[in-house]
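# Quick one, structure for this:
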Amino acid sequence: MSRAHYIIFGFLGLILTAIVVQSIFIPDPQNAAPFTLTSPPAPVGSAEFLTTLSHLTGNALNHDDAATMISDTAFLPTLLATINHASTSINIADYPWQNGSFSDQIFTALTVAAQRGVTVRVILDSFGGSSVSGQHIATLKKAGGIVAWYHPFLILNPMQFDERNHVRTFIIDGTTAFVGSVGIEDRWIMNTNQYNQYNDFMVEVNNTAAQSVQEIFAELWREVTGEFLTGHVFYPPLPSTKKNTLSSSTATTTKINTLISIPSFPPQNTNPIRDTFMLTALSAQKKLYILNTVIIPDKNFLAILEAKARDGVDVRILSPGTVISPFILSAWHADYTQLLEAGVKLYEYQPSMIHAKMMLADDVWSVVGSADIDNRSYELNTENLMGIADPLFNAQLNVVFANDLSQSKQITLADWQKEYGFFSKLFSYISLALFKQY
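As a prediction, the model looks like this:
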């Protein structure tokens, strides 16, 4: 048998293996039940929309101060300043946590806080935080801090290792919280134009919204340690809700912004992350902007995006370019043709890795957090989203989106039809079969 025959049979074997793995081990999100609506969706950000989302996901609406966006390079100094001023408690859970300057500075600040009597708790993911310095952990524990590991590999329960804690939650004194998608790795804080730098951001919330984030950490902590976090150390009495005054050329109006924290703790029968994405897309009437790292949508979400674009909604999707895994990119490429034919505008970010995650609708509603648009985020990972009904915050994120778009390559239907040939389609099929859950 010639070398060419070995290559051909090896390639066919890889395809067969992919099919077997898909059919046996990977639940197919493409088989999700078709969606139906009892009535036309309410506009995003409206009272009816927010009430529906609250009941659909089982999470309370919080009327609170406006959310504050913090860039990736500004996040570390902001977080350190907040930790240094902590007086009662610090609770942190972050999926990627690797050795380096970022990690060193966080552990140093946490150790100093613990030494002055602040209650410090840290959850490290057993996969994402596998290279964290044992010396840092030992020093923090000696100072009084507590460190727990999420889902370590167990011989008697090996499948739990596939369920990861993907959230980014930083809660200080029960009144200030940071959520988003920044990981504690140096590639998030490099202030250069290097290709491997991560483009990302975090969001600060306070008071009732911060305590909603605290509830997520408390549930994770109870799962991994059995300890319930109770009392005013973690849920202190809060000041009355502040009102933000918005000025215009004609009048001054008073608005209380609405925020909702939406966690997902698998395994569960509901999918609050998927439902939030779908309801946002269904309710958008003028524009829908999506930025995410991993986009491997199911048929329902694809159908919504195509229908919205055909109805005249300005649908734009921005994702990483070739810097991301070729399997992830190829799996997403499988949907390009039908989306472009429907009028969806597709872009790929060029300078470096873009890791930010946002969904913006109609200049009033924003969704940020840790979740990707794929079955892993829906079914396997612990995730957290923050929905924010605030035109001012939405305007900030629109500026970020526009800036990232200006550094991206737009994919046109004509160019894509020339570029996406037989072997590209075959690679997309293999990628979907093997990596649709990432």
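
# Who's the closest spatial neighbour of residue 166, skipping the chain neighbours?
residue 381 (3.9 Å; CB to CB, 6 or more residues apart in numbering). To be clear about C-beta, it is placed using only N, CA and C from the backbone, and glycine gets the same treatment.

# And for residue 257?
Distances taken as CB to CB, 6+ apart place residue 390 nearest to residue 257, at 4.2 Å, with adjacent residues excluded.

# Hmm, residue 65 and that neighbour touching each other?
No. If you go by CB atoms under 8 Å, residue 390 and residue 65 don't touch, sitting 9.9 Å apart.

# shared neighbours of the two, which are they?
residue 257 (CB atoms under 8 Å, 6 or more residues apart in numbering).

# still on that earlier bit, for residue 125, see how far away the residue nearest to residue 166 is.
Residue 381 is 10 Å from residue 125, where distance means CB to CB, to the nearest Å.

# what about the strand or helix carrying residue 304, distance to the chain center?
Under the criterion of DSSP states H and E, residue 304 resides in helix 299-310. With CA atoms, centre = their mean, to the nearest Å as the basis, helix 299-310 stands 21 Å off its chain's centre.

# Numbering from 306 from now on, please.
Right, with 306 as the first residue, what we last looked at is helix 604-615.

# Summarise which helices and strands the next helix or strand after it is packed against.
Later in the chain than helix 604-615, the nearest helix or strand by DSSP H and E is strand 619-625. Contact here means 3 or more CB pairs under 8 Å, 6 or more residues apart in numbering; DSSP states H and E; on that basis strand 619-625 packs against strand 592-596, helix 604-615, helix 631-638, strand 650-654, strand 658-659, helix 696-711.

# and the helix or strand encompassing residue 568, which strands flank it?
Using DSSP H and E, residue 568 falls within strand 562-569. Applying DSSP bridges to the sheet, strand 562-569 is found paired with strand 367-369 (antiparallel), strand 688-694 (antiparallel).

# the inter-axis angle of the last one versus helix 696-711?
Angle between the axes of strand 688-694 and helix 696-711 is 120 degrees (criterion: axes from the mean of the first three to the mean of the last three CA atoms, to 10 degrees).

# Name the surrounding residues that touch strand 688-694.
So strand 688-694 is contacted by 349-350, 355, 358, 372, 471-474, 484, 508, 510, 514, 518, 521, 562-569, 577-578, 581, 585, 669-676, 682, 699 (CB under 8 Å, 6+ apart).

# Separate out the buried members of those residues.
349-350, 355, 358, 372, 471-474, 484, 508, 510, 514, 518, 521, 562-569, 577-578, 581, 585, 669-676, 682, 699 (16 or more other CB atoms under 10 Å).

# And residue 531, how far from residue 462?
On the measure of CB to CB, residue 531 and residue 462 end up 16 Å apart.

# between these two, which one's more packed in?
residue 462 (10 against 7; other CB atoms under 10 Å).

# pLDDT at that one, what is it?
According to the prediction, residue 462 has pLDDT 71.

# what's the answer for residue 619, then?
98.

# got the contact list for it?
So residue 619 contacts 591-594, 650 (CB under 8 Å, 6+ apart).

# one step back: tell me which of the helices and strands packed on strand 619-625 lies nearest to residue 535.
With distances scored as CB to CB, the stretch of the helices and strands packed on strand 619-625 nearest to residue 535 is helix 696-711 (31.8 Å).

# The closest one versus strand 592-596: what angle between them?
Put simply, helix 696-711 runs at 60 degrees to strand 592-596, going by the same axes, to 10 degrees.

# Out of the helices and strands packed on strand 619-625, which is closest to residue 467?
Here helix 631-638 is closest among these (CB to CB), at 17.1 Å.

# what residues go with each domain of this structure?
326-365+563-740, 372-530 (automatic domain parsing).

# possible to save those domains as JSON lines with distance to residue 536?
Formatted as JSON lines, the domains of the chain follow (distance: least, CB to CB, whole Å):
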{"stretch": "domain 326-365+563-740", "distance to residue 536": "20"}
{"stretch": "domain 372-530", "distance to residue 536": "10"}
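
# Tell me how many other residues crowd the closest residue in space to residue 565 that isn't next to it in sequence.
Closest residue in space to residue 565, ignoring its immediate chain neighbours: residue 692 at 4.5 Å, by CB to CB, 6+ apart. Residue 692 is flanked by 27 other residues according to other CB under 10 Å.

# ok, back up a step: show me the contacts for the residue nearest to residue 471.
468-471, 569, 571, 675-676.

# Recalculate using a threshold of 7 Å.
Counting by CB atoms under 7 Å, 6 or more residues apart in numbering, residue 686 makes contact with 469, 471, 571.

# try residue 639
Residue 639 touches 733, 737, counting by CB under 7 Å, 6+ apart.

# Look at it and report its pLDDT.
For residue 639, pLDDT reads 94.

# ok, now residue 741?
pLDDT recorded at residue 741 is 53.

# counting contacts, what elements does the strand or helix carrying residue 509 pack onto?
Assigned by DSSP H and E, residue 509 belongs to strand 506-511. If you count contacts as 3 or more CB pairs under 7 Å, 6 or more residues apart in numbering; DSSP states H and E, strand 506-511 packs onto strand 373-376, strand 481-485.

# for those, which one ends up most surrounded?
strand 481-485 (a mean of 25; mean count of other CB atoms under 10 Å).

# burial count for the nearest residue to residue 722 once chain neighbours are set aside?
Using CB to CB, 6+ apart and skipping the chain neighbours, the partner closest in space to residue 722 is residue 642 (7.4 Å). Neighbour count of residue 642, defined by other CB under 10 Å: 14.

# Now the phi/psi pair for residue 642, please.
phi -60, psi -50 (degrees, to the nearest 10).

# And it, how close does it get to residue 649?
Between residue 642 and residue 649 the distance is 11 Å, computed by CB to CB.

# Could you do residue 505 as well?
Taken as CB to CB, the span from residue 505 to residue 649 is 24 Å.

# hmm, back to that, just the buried residues of the contacts of residue 619.
Counted by 16+ other CB under 10 Å, these give 593-594, 650 as buried.

# Out of these, which is nearest to residue 444?
Distances from residue 444 to the buried ones among the contacts of residue 619, taken by CB to CB, are shortest for residue 594, at 43.7 Å.

# tell me which element the nearest residue to that closest one once chain neighbours are set aside is part of?
Leaving aside its chain neighbours, residue 594 sits nearest to residue 665 (4.3 Å; criterion: CB to CB, 6+ apart). Using DSSP H and E, residue 665 maps to strand 663-666.

# The helix or strand that comes right after that strand pairs with which strands, and in what direction?
Per DSSP H and E, strand 663-666 leads on to strand 670-674 as the next helix or strand towards the C-terminus. Sheet pairing of strand 670-674 (DSSP bridges) gives strand 663-666 (antiparallel), strand 688-694 (antiparallel).

# So which of those is nearest residue 408?
strand 688-694 (21.4 Å).
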